[in-house]
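**Q** Quick one: sequence plus predicted model below, questions after.
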Number of protein chains: 2
Amino acid sequence: MKQSQLFSQTRKNISAEEVSINAQLLLKAGFVEKIMAGVYAYLPLGYKVVQNIIGIVREEMEREDAQEILMPALQPKEYWEKTGRWDGLDVLFKVKSQSDKEYGLGPTHEEVVTPLAQAHLRSYRDMNKAVFQIQTKFRDEPRAKSGLLRGREFIMKDLYSFHTNEQELDMYYDRMRAAYARVYKRLGVDAKEVFASGGTFSKFSHEYQVFTDAGEDLIFYCADCGFAVNKEIAEQAEGDVCAQCNKGKISVHKAIEVGNIFKLMQKYSAAFDYTFTDSDGKEKDVIMGCYGIGVTRLLGTIVEVHHDEKGIIWPNEVAPFRIHLIQLGDDETVKSKAEEVYELLKEKGVSVLYDDRGLSVGVALGDADMIGLPVRVVVSKRTLEQNGFEVKLRNEKESRMVSEEELLGVIL
Amino acid sequence: MKQSQLFSQTRKNISAEEVSINAQLLLKAGFVEKIMAGVYAYLPLGYKVVQNIIGIVREEMEREDAQEILMPALQPKEYWEKTGRWDGLDVLFKVKSQSDKEYGLGPTHEEVVTPLAQAHLRSYRDMNKAVFQIQTKFRDEPRAKSGLLRGREFIMKDLYSFHTNEQELDMYYDRMRAAYARVYKRLGVDAKEVFASGGTFSKFSHEYQVFTDAGEDLIFYCADCGFAVNKEIAEQAEGDVCAQCNKGKISVHKAIEVGNIFKLMQKYSAAFDYTFTDSDGKEKDVIMGCYGIGVTRLLGTIVEVHHDEKGIIWPNEVAPFRIHLIQLGDDETVKSKAEEVYELLKEKGVSVLYDDRGLSVGVALGDADMIGLPVRVVVSKRTLEQNGFEVKLRNEKESRMVSEEELLGVIL
């Protein structure tokens, strides 16, 4: 699209109360707008990144035969009372209607998905199925200071699986581990699989943690064997010999949790008396697993790990556009050449943001660095004199001149 | 996909409290699940229809250069106080945090989009732009008895446009009218454009109304000239000569409002002191328009107008799958022929639901009629003896035999 038509503007100065790097960069580049602490609006560029993340997550979940559904944010109080979380979960927002009826505002969906599955999956033949949603969650966070990393309203992918026994759950759990590895790889983040607490119902859960100083979690990690464990359940300390491989040394890292997967076992099925009829005719507790990915938290995480002093550096698969075509100045020949390239790229189906504003080199390239698209193509009087374009990858220091004939080959 | 793997099941009996036809049929066919009055979960089949509706709406909005964003449901109380709607809008849900801070739970987004635009569109050069979102709304409806037609939580498309003057607004408003006509046509609903109240700030608004007895609105309509007006502002009565064409006779119709478009003028920009700098250097009030489409209400509306005594009849563009391939009985030759057709259709990129359960004719075809996909292809011992398949369109009475060679040509 043409940048002159874009709804958002970049800006140099933002509110001093915004302390997180991810929110600072996303605000400056016009990807998000802060509505209040922990609550953001996603502007066209930011929402494109969110949709790219969602597209990747959806594709990898469907590859593991999970079926997409959508559950509501408004949830019955009775369901939350059944699991003891109406009064037990302090981040649960509560809503009261005009007629004094109370609802929970979903921070998670075990309380909805369990009775939902109960209505449809009743026999052992129906089991070993999974549903997921990509949906907005609400949490009454006492502190929300980390930009997109910890919000009061945020988008999550949550998936729930239903099984006849633990072995079946284990097999699906391992499929999800593989799917999660694929998701993070495509998103361009190095997420370590980390042992974490399994709560009261299973020995361990797995978290997916991205090492960065912006994180709130502490992870003990052995670079030798790759073993990683959340400090909350670790009996090791910085500098210890790794208890797993007896070789490497444990280092400690701040990290952002971008996903976790959990064997719920029969915790929720028991709370809802959710049983299935097994092949032997007996009623047995359904065995459940749950699997979360923080979609908007990933937007923030990607920015935390992919930026420089000038702005964001988007990984290819999530960038809002692939190419930033920039017309420097409003000289007519420059303008018409830039238009020509824009039309050509659109025709080839390349996603391109065309800065048609004709600004000076400092402002235009400064904006481009802030926005951070993977490939920058500059058209100016100088490049036309050299019969070509200046092409620069956002994650490289040097630009290079490319002739008109070479252009498509170089940037596609 | 294979129906044996589908999360949802059809059912004959549903709760007697569900009085609306749309909810009855969607519940029976396994498209939705009722969580509480006015609050539904969308199961895999239902969510596919919702996504098809969203895809059409998105495409037509982007065709008119609107840019997609996502605004939050949690909204600052201060914004709602500025417009006088914190206490003035009785359907506004209010949420209180642990720290006693109050939020509105968005029933609409004028209070968020106006300050959002104010941060980005400041000069006359920035004006004449539009943003939209497809997002979940909340309304504290005292009665929610019409299934998907009037919910406490529902999906809407809302679009907002920003202009320097009324003429510019009028032009964009007319582009939206054309876009709305395209949307409803593609969705397979006959939505009449109806004059309705313009509130305190403009003479008229336009509503899009689908005539059906399930509707809550009353519309006066002249079949001769197509003039239609909501009873709330009509000075005509049933049987009157149409005041517009002086020829036709006015008939009165119950109808469902599936969209409305509104000239907000400066109502919200004035409340937020939102001005732009015009080309003459003067600060002037921004002129706004807003344009809504009820996405999940359309899901219900489509079912109200497209069904028979056996179940739903999905229009082509919104159907969750195009083809219902049905294997009758579990005879091996029938099964392997059905599998073969299934693989062939998948290979051709045709969206197909394959009933691989091998059920008897009564149960399988009963389910197919309830689910309502456009084309049914039956494989049975009888059809194989005749070297072919039985093909039936959901909206036709008669089926016909089609040979293997003809099959693709007939159903694609």
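**A** Nice, I can see it.

**Q** what's the pLDDT at residue A:91?
**A** Looking at residue A:91, its pLDDT reads 96.

**Q** That one: neighbour count?
**A** 15 (other Cβ atoms under 10 Å in any protein chain shown). For the C-beta atoms, the positions are set from N, CA and C on the backbone; glycine is no exception.

**Q** Is it correct that it is in contact with residue A:137?
**A** No - taking Cβ atoms under 8 Å as the definition, residue A:91 is not a contact partner of residue A:137, at 9.9 Å.

**Q** need the strands for the stretch 301-412 of chain A, in chain order.
**A** A:307-308, A:311-312, A:323-327, A:352-355, A:375-379, A:388-393, A:399-403 (DSSP state E, counting those that start in this stretch).

**Q** Tell me which of those lies nearest to chain B.
**A** Ranking these by proximity to chain B (Cβ to the nearest Cβ) places strand A:352-355 first, at 12.2 Å.

**Q** Only the C-alpha atoms, please, for the closest one, written as PDB.
**A** C-alpha atoms of strand A:352-355 as PDB (Å, rounded to 0.1, in the frame of the first residue of the first chain):
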ATOM      1  CA  VAL A 352       5.100  -3.800  -0.500                       C
ATOM      2  CA  LEU A 353       4.700  -0.600   1.400                       C
ATOM      3  CA  TYR A 354       5.400   2.300  -0.900                       C
ATOM      4  CA  ASP A 355       6.600   5.500   0.700                       C
END
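
**Q** and it, what other elements does it pack with?
**A** Applying 3 or more Cβ pairs under 8 Å, 6 or more residues apart in numbering or on different chains; DSSP states H and E, one finds that strand A:352-355 contacts strand A:323-327, helix A:332-347, helix A:361-371.

**Q** Quickly compare the ones you listed and say which is most buried.
**A** Stretch with highest mean neighbour count among these: strand A:323-327 (a mean of 26; mean count of other Cβ atoms under 10 Å in any protein chain shown).

**Q** quick check: angle from it to strand A:388-393?
**A** Using axes from the mean of the first three to the mean of the last three Cα atoms, to 10 degrees, the inter-axis angle of strand A:323-327 relative to strand A:388-393 is 140 degrees.

**Q** Against which helices or strands is strand A:323-327 packed?
**A** helix A:332-347, strand A:352-355, helix A:361-371, strand A:375-379.

**Q** roughly how far out does it sit from the chain middle?
**A** Its chain's C-alpha centre and that of strand A:323-327 lie 27 Å apart, by Cα atoms, centre = their mean, to the nearest Å.

**Q** got it, and stretch A:73-82?
**A** Per Cα atoms, centre = their mean, the centroid offset for stretch A:73-82 relative to its chain is 27 Å.

**Q** quick one: contacts for the residue in the stretch 151-300 of chain A positioned nearest to chain B?
**A** Nearest to chain B, among the residues of the stretch 151-300 of chain A, is residue A:153, at 4.9 Å (Cβ to the nearest Cβ). The contact partners of residue A:153, taken as Cβ atoms under 8 Å, 6 or more residues apart in numbering or on different chains, are A:38, A:39, A:136, A:137, A:138, B:72, B:73, B:74.

**Q** circling back to that earlier point, would CSV of the helices and strands packed on strand A:352-355 with distance to residue B:179 and mean pLDDT be doable?
**A** Below are those laid out as CSV (distance: least, Cβ to Cβ, whole Å; pLDDT from 0 to 100):
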stretch, distance to residue B:179, mean pLDDT
strand A:323-327, 28, 98
helix A:332-347, 21, 97
helix A:361-371, 29, 97
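
**Q** Nearest to residue B:367, out of these?
**A** helix A:332-347 (45.4 Å; Cβ to Cβ).

**Q** Only the C-alpha atoms, please, for the closest one, written as PDB.
**A** This file holds the C-alpha atoms of helix A:332-347, laid out as PDB (Å, rounded to 0.1, in the frame of the first residue of the first chain):
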ATOM      1  CA  GLU A 332       8.900  13.700 -11.300                       C
ATOM      2  CA  THR A 333      11.300  11.100 -12.900                       C
ATOM      3  CA  VAL A 334      12.000   9.600  -9.500                       C
ATOM      4  CA  LYS A 335       8.200   9.500  -8.700                       C
ATOM      5  CA  SER A 336       7.300   7.900 -12.000                       C
ATOM      6  CA  LYS A 337      10.100   5.300 -11.700                       C
ATOM      7  CA  ALA A 338       9.000   4.500  -8.100                       C
ATOM      8  CA  GLU A 339       5.400   4.200  -9.200                       C
ATOM      9  CA  GLU A 340       6.400   1.800 -12.000                       C
ATOM     10  CA  VAL A 341       8.300  -0.500  -9.500                       C
ATOM     11  CA  TYR A 342       5.400  -0.400  -7.100                       C
ATOM     12  CA  GLU A 343       3.000  -1.500  -9.800                       C
ATOM     13  CA  LEU A 344       5.400  -4.200 -11.000                       C
ATOM     14  CA  LEU A 345       5.800  -5.600  -7.400                       C
ATOM     15  CA  LYS A 346       2.100  -5.600  -6.800                       C
ATOM     16  CA  GLU A 347       1.600  -7.400 -10.000                       C
END
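
**Q** follow-up on the earlier one: put together CSV for the contacts of residue A:153, with secondary structure and pLDDT on each row.
**A** Formatted as CSV, the contacts of residue A:153 follow (DSSP: H, G, I helix; E, B strand; the rest coil; pLDDT from 0 to 100):
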residue, secondary structure, pLDDT
A:38, coil, 95
A:39, strand, 97
A:136, strand, 98
A:137, strand, 98
A:138, strand, 98
B:72, coil, 98
B:73, coil, 98
B:74, strand, 98
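
**Q** burial of the closest residue to chain B within the stretch 301-412 of chain A, as a residue count?
**A** As assessed by Cβ to the nearest Cβ, chain B sits closest to residue A:357 within the stretch 301-412 of chain A, at 9.7 Å. Using other Cβ under 10 Å, residue A:357 has 16 neighbouring residues.
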